[in-house]
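K.L.:
Fold the following, please.
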Amino acid sequence: MGNQNETTKQMAKRQIIKRKFNGVVVSDKMDKTRVVNVESVKIYPKYEKRYKTNKTFKVHDEKNQYKVGDKVQFVECRPLSKDKRWRALYN
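P.N.:
I've put the predicted structure just below:
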């Protein structure tokens, strides 16, 4: 019994690693939601050619602070809606 309590305490102390991205706001038409575009560079394995990929994320912006063109840093969080699983970070 004592071992179970110790292991649960150890698991509680572990930090959950959250993914973090930087992107640019492309839409601010929704209330407290921003659509953010993240551009990344990938390498095709066989030919080692570099190519760009874009992905958009719906990010929760509680303060409605970010506007189109602003750079945003955001992290993963619990599901806030059907599409929103990201929360904006404020400096």
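K.L.:
Run through the strands of this structure in chain order.
P.N.:
Along the chain, counting by DSSP state E, strands occupy 20-27, 33-43, 50-60, 71-76, 86-88.
K.L.:
Quick one: the ones you listed as TSV, columns for mean neighbour count and mean pLDDT too.
P.N.:
Quick note: C-beta positions are derived from backbone N, CA and C, even for glycine. TSV is the format used below for the strands of the chain (neighbours: other C-beta atoms under 10 Å; pLDDT from 0 to 100):
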stretch	mean neighbour count	mean pLDDT
strand 20-27	15	98
strand 33-43	15	98
strand 50-60	13	98
strand 71-76	16	98
strand 86-88	21	98
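K.L.:
Tell me how far the most centrally placed residue in the chain lies from N54.
P.N.:
Closest residue to the average C-alpha location of the chain: V75 at 3.6 Å, with C-alpha atoms, centre = their mean. Per C-beta to C-beta, to the nearest Å, V75 is found 20 Å from N54.
K.L.:
now do D83
P.N.:
Distance from D83 to N54, by C-beta to C-beta: 17 Å.
K.L.:
Equivalent analysis for D31, please.
P.N.:
In this view, D31 and N54 are 25 Å apart by C-beta to C-beta.
K.L.:
Could you do W86 as well?
P.N.:
Distance of W86 to N54, computed by C-beta to C-beta: 16 Å.
K.L.:
Same check on V68?
P.N.:
V68 is 16 Å from N54, by C-beta to C-beta.
K.L.:
before we move on, what about K29?
P.N.:
Counting by C-beta to C-beta - K29 and N54 are separated by 19 Å.
K.L.:
what does R19 give?
P.N.:
From R19 across to N54, the span is 17 Å (C-beta to C-beta).
K.L.:
go on, A88?
P.N.:
As judged by C-beta to C-beta, A88 and N54 stand 19 Å apart.
K.L.:
got a pLDDT number for T7?
P.N.:
In this model, T7 is scored at 66, pLDDT.
K.L.:
Let me fix that, I meant to ask about M1.
P.N.:
With respect to pLDDT, M1 scores 54.
K.L.:
Please apply the same query to K18.
P.N.:
pLDDT at K18 comes out at 88.
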